[in-house]
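>>> no sequence for this one, just the structure:
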């Protein structure tokens with residue numbers, strides 16, 4: 001067996017791990033949405049940390065954090081679904097090309113993949129996404145979000161961190 005075979009084995013393991021991470025995010029997202037939908041009536045809220053955090057049950061017909069939720073544009077849901085599918089294709093392509101040494105990037109992409117699939121599933125199955133995590137402090141209120149949104153934001157943050165910390169060959173003293 002040559003080094004190509006070992007490299008392929010490492011890539012296969014990495015792809016399996018990324019798929020597992022995405023599936024865990026998807027499962028956690030769907031489970032928490034089901035629990036909230038079963039336990040909290042629509043538009044009700046349960047204070048967890050009074051004055052700071054509560055669990056709420058809202059339906060989001062827009063994008064992440066309620067963006068476009070109030071839009072009356074025709075085919076809004078269809079456009080959001082199309083954009084989600086396009087983003088999933090890009091993330092899958094990037095994950096497929098991922099090198100075993102780029103762990104932070106792979107983890108970020110896997111989190112984004114799991115979160116995007118979770119929210120896309122909701123839009124396809126229900127026409128909206130359940131949001132339930134709500135933070136507020138005095139006059140500041142962050143729009144409700146869910147586990148999928150959290151995974152997407154954490155994944156995107158890891159990608160940005162990776163871009164900031166990864167040195168190009170030129171910066172590292174190598175030739176371009």
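That came in fine, so what should we check first? In this text the structure is predicted, and so the values were computed from the model without any measurement.
>>> Could you list every helix and strand that the one helix or strand residue 162 maps to packs against?
Residue 162 is part of helix 147-165 when elements are defined by DSSP states H and E. In terms of contacts (3 or more CB pairs under 8 Å, 6 or more residues apart in numbering; DSSP states H and E), helix 147-165 is packed against helix 3-39, helix 103-126, strand 129-137. Quick note: C-beta positions are derived from backbone N, CA and C, even for glycine.
>>> sec struct for residue 46, please.
Following DSSP: H, G, I helix; E, B strand; the rest coil, residue 46 is assigned to strand.
>>> For it, which non-adjacent residue is closest in space?
Nearest residue to residue 46, sequence neighbours excluded (CB to CB, 6 or more residues apart in numbering): residue 55, at 4.7 Å.
>>> list the buried ones in the strand or helix carrying the one you found?
Following DSSP H and E, one finds residue 55 within strand 53-60. In terms of neighbour count (16 or more other CB atoms under 10 Å), strand 53-60 has its buried residues at 54, 55, 56, 57, 58, 59, 60.
>>> The last one and residue 140, how far apart?
The reference is to residue 60. With the distance defined as CB to CB, to the nearest Å, residue 60 ends up 19 Å from residue 140.
>>> Next: the third one.
Separation of residue 56 from residue 140 (CB to CB): 16 Å.
>>> do the same with residue 53
Distance from residue 53 to residue 140, counting by CB to CB: 12 Å.
>>> on that earlier part again, would a markdown table of the buried residues of strand 53-60 with pLDDT be doable?
Listed next are the buried residues of strand 53-60 as a markdown table, based on pLDDT from 0 to 100:
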| residue | pLDDT |
| --- | --- |
| 54 | 97 |
| 55 | 98 |
| 56 | 97 |
| 57 | 97 |
| 58 | 95 |
| 59 | 93 |
| 60 | 86 |
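>>> need the helix or strand of the chain with the lowest average pLDDT.
Lowest on mean pLDDT, DSSP states H and E among the helices and strands of the chain sits helix 76-97, with a mean of 82.
>>> Check which helices and strands that one is in contact with.
Using 3+ CB pairs under 8 Å, 6+ apart, helix 76-97 sits against helix 3-39, helix 103-126.
>>> Just name the most buried of those helices.
Counting by mean count of other CB atoms under 10 Å, helix 103-126 has the highest mean neighbour count of those, with a mean of 21.
>>> Measure how far that one is from the centre of its chain, please.
The chain centroid and the centroid of helix 103-126 are separated by 4 Å, computed with CA atoms, centre = their mean, to the nearest Å.
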